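Visitor: Predicted model and sequence below, questions to follow.
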Protein chains: 2
Amino acid sequence: MANYNSVTEEIVEQIKKAISGKVYVGEEINVDFFHDEMPIYGEGRPELVVDVKSTEEVAKVVKICNDNLIPVVPRGAGTGLTGAGVAINSGVMLNMQTMNKILEYDEENMVVKVQPGVLLNDLAQDCLSKGYMYPPDPGEKFATLGGNVSTNAGGMRAVKYGTTRNYVRGMEVVLPNGEITYFGACVSKTSTGYSLKDLMIGSEGTLGIITELTLKIIPAPKETISLIVPYEKLDDCISTIPKLFKAYLNPQAIEFMEKEIVNLSELYIGKSTFPKTIEGIDIGAYLLITFDGENEDDLNDIIEQAAEVLLDAGAIDVLVADTPSKIKDAWAARSSFLEAIEAQTKLLDECDVVVPINKIAAYIKYVNEKGKDFDFEVKSFGHAGDGNLHIYACSNEMEKEEFLRQVEIFMNDIYKKAYEFGGQISGEHGIGFGKKRFLNIFEGDVNTELMRGIKKAFDPNLILNPDKVI
Amino acid sequence: MANYNSVTEEIVEQIKKAISGKVYVGEEINVDFFHDEMPIYGEGRPELVVDVKSTEEVAKVVKICNDNLIPVVPRGAGTGLTGAGVAINSGVMLNMQTMNKILEYDEENMVVKVQPGVLLNDLAQDCLSKGYMYPPDPGEKFATLGGNVSTNAGGMRAVKYGTTRNYVRGMEVVLPNGEITYFGACVSKTSTGYSLKDLMIGSEGTLGIITELTLKIIPAPKETISLIVPYEKLDDCISTIPKLFKAYLNPQAIEFMEKEIVNLSELYIGKSTFPKTIEGIDIGAYLLITFDGENEDDLNDIIEQAAEVLLDAGAIDVLVADTPSKIKDAWAARSSFLEAIEAQTKLLDECDVVVPINKIAAYIKYVNEKGKDFDFEVKSFGHAGDGNLHIYACSNEMEKEEFLRQVEIFMNDIYKKAYEFGGQISGEHGIGFGKKRFLNIFEGDVNTELMRGIKKAFDPNLILNPDKVI
């Protein structure tokens, strides 16, 4: 770890001169900036929060910090789940939410230029109003796009459309020494040296600060239908997935969920949509599937084929949501899982592991069994189409220290199992601070050292979001 | 540049002991190993060519070379177009063609494991025989997959299916110090630290040696139809493209070609498929389009809609190739462009620029105009759906020195124009040795220095494919 300096009054003055927006010092800083959505990883108090408004302002502030060995943490909407956007070494926090303009659509090249502080939800809505879709669809709609790119956010539609990585064409970046550069271009195909753009994607603000993004958009599918598919057992539910792919069906999203979490979430939102018993059979798990297509007839054909595969594979029923309001209802419980858990849990840690899709059932079974050895409760759900699972350790009764002790053992164990199955630590939330030690353990010293070498090539003074990722 | 050592007899003996395959020394080496498909970038004579057969053998040879400061060049099928696989600093060449096994299909996770020396054509055929498709489809079907990954090869179907990058899930890599490691996993979604896998893709053998690949496959589309679409003028031809996208049509491939190159290629293959005059109108350019779909009816609907858009946009006719043999004929001329040019040209250089698709027409016009200032002929064709253009400077009369002098001025000028239009140097062939100086000029010192820093983090002794890319 580098030895950092504190922000002196003189440096505050230099920064104030360099920018047009507000600067918050010490007590003026809102406590929301001290943590993200996973406070278990600890809090960090920046000495300064700076509302930046342009690339040039970012560059000036970063240069001042680099010259004075002061840590810089870029911060989006603070919706992260790994502590990546928390100033654990103090220093200067750049509030990127003040760079929130959708700059320009280029309809001929099917791209849109945005500032990094634009919220995912705002871009998604704006695209739809123009007949386009921005396909990445992480659960949290009020994250910034800069944050989405920095974690290679995945979300519901990754199974058909891929993750954020697949939609980033180019980016303007401020390097840790204050230099402004550009990675990539608005083209869809390139082999022009090492892909610095792909290195930035998922680097969680440790290599450079994204100040503009050129994102790919696609024509919005004309029709969408969702299916709620109840099963007696999770095993049958999960083992349906490869059968859907083999039948050449191409769902936009496939989520699996156990009944406990559906109950919890429906209680939280005060609305029940998922059937709990059908003809005397207790439902144990569900798939929630969305298909999209160009016309109603096509989609009806797809639904018919899908229903056949699903019922064959042991589904108890197939409930069709075919209007925007029914689709919204079907997804309402799923969209509130995290909030529902947060609202009802004092101590919370999570694992965002990704495993091969044919290993999901065995993995969840293992995790649920293993969970019984501990005093916390285990709740899980996930993206069945891509093997990305969200496993929560929750407790309202345990002492924090004991919770942390037990969770450490549990997480180590389930990460190990994920790697045995050919998986990795994080599908979409990233590493941040909370999972840094696991990255080293499970990706190994060789890969971690390569990452450290890359970090030093970009940021020799280690001022940018220090102690995150590696 | 580092100071490299020569391969002594002692080192030859060490290497012979380390491997089970053949070792070729000095005069025993086939001259084909001295160059790739673009000999204008100069030749290089390795001191040793080693037929490697396993990861462990690669690791042992690389370690010996690293310990002795001897350059190592991994070599696939030698079909590259930038000199990337040429031993310009001598040293040891690893012949990866001897690691050519398709190892294992995992149909539940829709991936296939291969050794890097498997030829694209062999994997493509093998997948089809099992009902799958490996979507990347570069013009050169007899390149190795290791080579494809090392250049992020694009090809015909990139417009619908993306480039090689989108199909690499994981890779085993031997690092320059001989350590064996693994990047990525067989999962489709990951955010587990910096994407070392994405850094390797397109790094042209300069960061590590790929010894195994896990590649994504998809269910093969059931039906395919190609269209030959003649136009009077190139401008109309190119300006059709955004209209096809806006009509929600989703072609598998869209190639544009000027009449001169079609004539040349048809002469070369001895078969004529493209119409030259229709109802008294001289045809100046063509689109060659392929659509795929799940059933004949769907596809017929698509063709009907496409024909309407195409004729509206100024196409003189739309010729349908709807059987495998007709489709093969339609693509025969396109597939032989490079061979046809090579066969009829003594001096040849090429530019593989990529520009935004709405700039293709203006760019080609500029290039053709600019070409008139020089003594060579300019021939061009390209991937209209993704803006990747192949521009050839050809001469049978010029002296080599004068050709090189003029080509340097021409290339500098047209690269400059590509960047003005928002493009980049290479869409799919890579940088290698031939385009290294242009990478530095047009991507700039800041990006080039970052790439150098990454190179040093992987390869501190600079032994791996030295003087390529950066």
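Guide: Arrived safely. Please read these numbers as outputs of a predicted model, since none were measured by experiment.

Visitor: buried ones in the one helix or strand A:I64 maps to?
Guide: A:I64 belongs to helix A:55-67 when assigned by DSSP states H and E. For helix A:55-67, the neighbour count (16 or more other CB atoms under 10 Å in any protein chain shown) marks A:55-66 as buried. (C-beta placed from N, C-alpha, C; glycine too.)

Visitor: A:I238 - nearest residue in space that isn't next to it in sequence?
Guide: Closest residue in space to A:I238, ignoring its immediate chain neighbours: A:A361 at 3.9 Å, by CB to CB, 6 or more residues apart in numbering or on different chains.

Visitor: Buried residues, the helix or strand where the one you found lies. List them.
Guide: Following DSSP H and E, one finds A:A361 within helix A:360-371. Residues A:360-361, A:363-364, A:366-367, A:371 are the ones in helix A:360-371 that count as buried (16+ other CB under 10 Å).

Visitor: what angle do the helix or strand following that helix and helix A:360-371 make?
Guide: Next in sequence after helix A:360-371, counting helices and strands by DSSP H and E, comes strand A:377-383. Calculated by axes from the mean of the first three to the mean of the last three CA atoms, to 10 degrees, strand A:377-383 forms an angle of 170 degrees with helix A:360-371.

Visitor: So is strand A:377-383 next to chain B?
Guide: Yes - part of strand A:377-383 sits near chain B under the criterion CB under 8 Å from any CB of the partner chain, namely A:H383.

Visitor: where does A:M171 land in three-state SS?
Guide: Put simply, A:M171 is strand when judged by DSSP: H, G, I helix; E, B strand; the rest coil.

Visitor: Need the per-residue pLDDT for it.
Guide: On pLDDT, A:M171 comes in at 98.

Visitor: Over to A:N3?
Guide: 88.

Visitor: Please apply the same query to the one 5 residues further on.
Guide: pLDDT for A:T8: 97.

Visitor: so who does whichever residue of the stretch 251-400 of chain A sits closest to chain B touch?
Guide: Relative to chain B, the nearest point of the stretch 251-400 of chain A is A:N358 (3.7 Å; CB to the nearest CB). A:N358 sits next to A:242, B:106, B:108-109 when contact means CB atoms under 8 Å, 6 or more residues apart in numbering or on different chains.

Visitor: Out of those, which two sit at the greatest distance?
Guide: Greatest spacing in the contacts of A:N358, by CB to CB: A:P242 and B:D106 (10.4 Å).

Visitor: Might one say that A:F183 is in contact with B:N447?
Guide: Yes - the criterion here is CB atoms under 8 Å, and A:F183 meets it with B:N447 at 7.1 Å.

Visitor: Which residues are in contact with each of these two?
Guide: In contact with both A:F183 and B:N447: A:L196, using CB under 8 Å, 6+ apart.

Visitor: what number of residues lie near the residue of the stretch 201-350 of chain A found nearest chain B?
Guide: Residue nearest to chain B within the stretch 201-350 of chain A: A:P242 (4.6 Å; CB to the nearest CB). If you count neighbours by other CB atoms under 10 Å in any protein chain shown, A:P242 ends up with 16.

Visitor: before we move on, the earlier item: keeping just the C-alphas, turn the helix holding A:I64 into CSV.
Guide: The C-alpha atoms that make up helix A:55-67 are tabulated as CSV, following Å, rounded to 0.1, in the frame of the first residue of the first chain:
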residue,chain,number,x,y,z
THR,A,55,-13.8,15.8,-18.7
GLU,A,56,-11.4,18.7,-18.2
GLU,A,57,-12.5,19.2,-14.6
VAL,A,58,-11.9,15.5,-13.9
ALA,A,59,-8.5,15.8,-15.5
LYS,A,60,-7.5,18.8,-13.4
VAL,A,61,-8.6,17.3,-10.1
VAL,A,62,-7.0,14.0,-10.8
LYS,A,63,-3.7,15.7,-11.7
ILE,A,64,-3.7,17.7,-8.5
CYS,A,65,-4.3,14.5,-6.5
ASN,A,66,-1.6,12.6,-8.5
ASP,A,67,0.9,15.4,-7.9
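
Visitor: Does it reach chain B?
Guide: No - for helix A:55-67, no contact with chain B is found by CB under 8 Å from any CB; the gap never falls below 12.2 Å.

Visitor: For that helix, what does the pLDDT average out to?
Guide: 98.

Visitor: Phi first, then psi, for A:P230.
Guide: As for A:P230, its main-chain torsions (degrees, to the nearest 10) stand at phi -80, psi 140.

Visitor: For the closest residue to it other than its chain neighbours, grab the count of nearby residues.
Guide: Closest residue in space to A:P230, ignoring its immediate chain neighbours: A:I283 at 4.3 Å, by CB to CB, 6+ apart. A:I283 has 19 neighbouring residues, counting by other CB under 10 Å.

Visitor: Show the contacting residues for A:I283.
Guide: Contacts of A:I283 (CB under 8 Å, 6+ apart): A:230-232, A:259, A:274-277, A:316.

Visitor: Which among these count as buried?
Guide: So, by 16+ other CB under 10 Å, the buried ones in the contacts of A:I283 are A:230-232, A:259, A:274, A:316.

Visitor: nearest to B:L462, of those residues?
Guide: Of these, the one sitting nearest to B:L462 (CB to CB) turns out to be A:Y231, at 56.9 Å.

Visitor: Quick check: pLDDT value at the closest residue to the closest one other than its chain neighbours.
Guide: Distances taken as CB to CB, 6+ apart place A:C237 nearest to A:Y231, at 4.0 Å, with adjacent residues excluded. Note on A:C237: pLDDT of 91.

Visitor: pLDDT below threshold where in chain A?
Guide: A:1 (pLDDT under 70).

Visitor: buried ones in the longest helix anywhere in it?
Guide: Counting by DSSP state H, the longest helix found in chain A is helix A:436-458. Across helix A:436-458, burial judged by 16+ other CB under 10 Å covers A:436, A:438-440, A:442-443, A:447-448, A:450-455, A:457-458.

Visitor: now swap in stretch A:377-395 and tell me
Guide: Result for stretch A:377-395 [16+ other CB under 10 Å]: buried residues A:378-395.

Visitor: do stretch A:416-425 as well
Guide: Applying 16+ other CB under 10 Å to stretch A:416-425 flags A:417-419, A:421-425 as buried.

Visitor: tell me the contacts of A:D36?
Guide: A:78-86.

Visitor: From these, pick the one nearest A:N121.
Guide: A:T79 (11.2 Å).

Visitor: that's a strand at that closest one, yeah?
Guide: No - counting by three-state DSSP, A:T79 is not part of a strand but coil.

Visitor: from memory it sits against A:F142, does it?
Guide: Yes - A:T79 lies in contact with A:F142 (CB under 8 Å); the separation is 6.3 Å.

Visitor: So between those two, which is more surrounded?
Guide: More neighbours surround A:T79 than the other of A:T79 and A:F142, with 22 against 12 (other CB under 10 Å).

Visitor: if we can go back for a sec, got phi/psi on the residue of the stretch 251-400 of chain A closest to chain B?
Guide: According to degrees, to the nearest 10, A:N358 has phi -80, psi 0.
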